[in-house]
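*Asks:* Fold the following for me, if possible:
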Amino acid sequence: MTWLVAAFSLTATWCNIRKLRISFAIWFFTNAAWAAYDFAHGLPAQGALMCAYAALAVHGFVRWGRRDV
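*Replies:* So this is what the prediction gives:
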């Protein structure tokens, strides 16, 4: 599973380079998956960081929807 999440994370980065709004949606799900993985493996600080990244992905998705990129 970790390889799949990593592949989707790289896909989100590629989409962001292309200025595609979908990158934020992909990042939300990959960051949420990494957060769950980190918490399950006893890494609460890393899990909290991934939760913050997921929240920023939601913010980015909403913000990019309001303007022409």
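*Asks:* For G47, see how far away H59 is.
*Replies:* Per Cβ to Cβ, to the nearest Å, H59 is found 19 Å from G47. Using the backbone N, CA and C atoms, a C-beta is placed for each residue, glycine as well.
*Asks:* With neighbour numbers in mind, choose between those two.
*Replies:* Neighbours were counted for H59 and for G47 using other Cβ atoms under 10 Å; G47 has more, 18 against 11.
*Asks:* May I have whatever helix or strand that one lives in exported as CSV, CA atoms only?
*Replies:* Here G47 sits within helix 44-65, counting by DSSP states H and E. C-alpha atoms of helix 44-65 as CSV (Å, rounded to 0.1, in the frame of the first residue of the first chain):
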residue,chain,number,x,y,z
PRO,A,44,2.1,10.8,16.2
ALA,A,45,4.2,13.8,15.3
GLN,A,46,4.5,12.7,11.7
GLY,A,47,0.8,11.8,11.6
ALA,A,48,-0.1,15.2,12.9
LEU,A,49,2.0,16.8,10.2
MET,A,50,0.2,14.8,7.5
CYS,A,51,-3.1,15.9,9.0
ALA,A,52,-2.0,19.5,8.7
TYR,A,53,-0.9,18.9,5.1
ALA,A,54,-4.3,17.3,4.4
ALA,A,55,-6.0,20.5,5.8
LEU,A,56,-3.8,22.6,3.6
ALA,A,57,-4.8,20.5,0.6
VAL,A,58,-8.4,21.3,1.3
HIS,A,59,-7.6,25.0,1.6
GLY,A,60,-5.7,24.9,-1.7
PHE,A,61,-8.5,23.1,-3.5
VAL,A,62,-11.0,25.7,-2.4
ARG,A,63,-8.7,28.6,-3.1
TRP,A,64,-7.8,27.5,-6.6
GLY,A,65,-11.5,27.0,-7.4
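*Asks:* Just give the nearest non-adjacent residue to Q46, would you?
*Replies:* Spatially, and ignoring its direct neighbours in sequence, Q46 is nearest to D38 (4.3 Å; Cβ to Cβ, 6 or more residues apart in numbering).
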